[in-house]
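All I have is the shape, not the residue letters:
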């Protein structure tokens, strides 16, 4: 685990506001992060004071039963990393700037969709 960067904490607060506006989404504190659930299935972890992944700017998503097409899209995105926990469905997104928020939101929407 890494301490979350100040930027990651700010981005996380903005993303949490957006995600909690989606149907059936709730959050829970989780090991220095915020777990984001659709119903009973977790689909994301947002940094609060800690991150998991490769950097202090890592955001986690869980893809439940990812299709082969989605697996190829994940593999093709250089900002995503599955090597640590990919077998469990977790993928980290390494934020470098606030300009990547729309890209991260797209991935979070896909993770949300997979948590049906």
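Received, thanks. Remember, predicted model here, so these are calculated numbers, not experimental data.

tell me which element the nearest residue to residue 53 once chain neighbours are set aside is part of?
Leaving out its chain neighbours, the residue that sits closest to residue 53 by CB to CB, 6 or more residues apart in numbering is residue 92, at 3.3 Å. All C-beta atoms are positioned from the backbone trio N, CA, C, and that covers glycine. Per DSSP states H and E, residue 92 falls inside strand 90-94.

contacting residues around that strand?
For strand 90-94, the surrounding residues in contact (CB atoms under 8 Å, 6 or more residues apart in numbering) are 52-55, 57-63, 74, 79-82, 84, 104, 107, 111.

and the residue nearest to residue 53, what are its bridge partners?
As for beta bridges, residue 92 partners with residue 60, residue 81 under DSSP bridges.

how deep is it tucked in, by neighbour count?
The criterion is other CB atoms under 10 Å. On that basis, residue 92 has 24 neighbouring residues.

related to what we said a few turns ago, among the contacts of strand 90-94, which are in strands?
58-62, 80-81 (DSSP state E).

picking up where we left off before, quick one: the strand holding residue 92 to strand 58-62, angle?
Strand 90-94 and strand 58-62 are oriented at 150 degrees to each other (axes from the mean of the first three to the mean of the last three CA atoms, to 10 degrees).

what ranges of this protein fall below the confidence cut-off?
Low-confidence segments of the chain (pLDDT under 70): 83-88.
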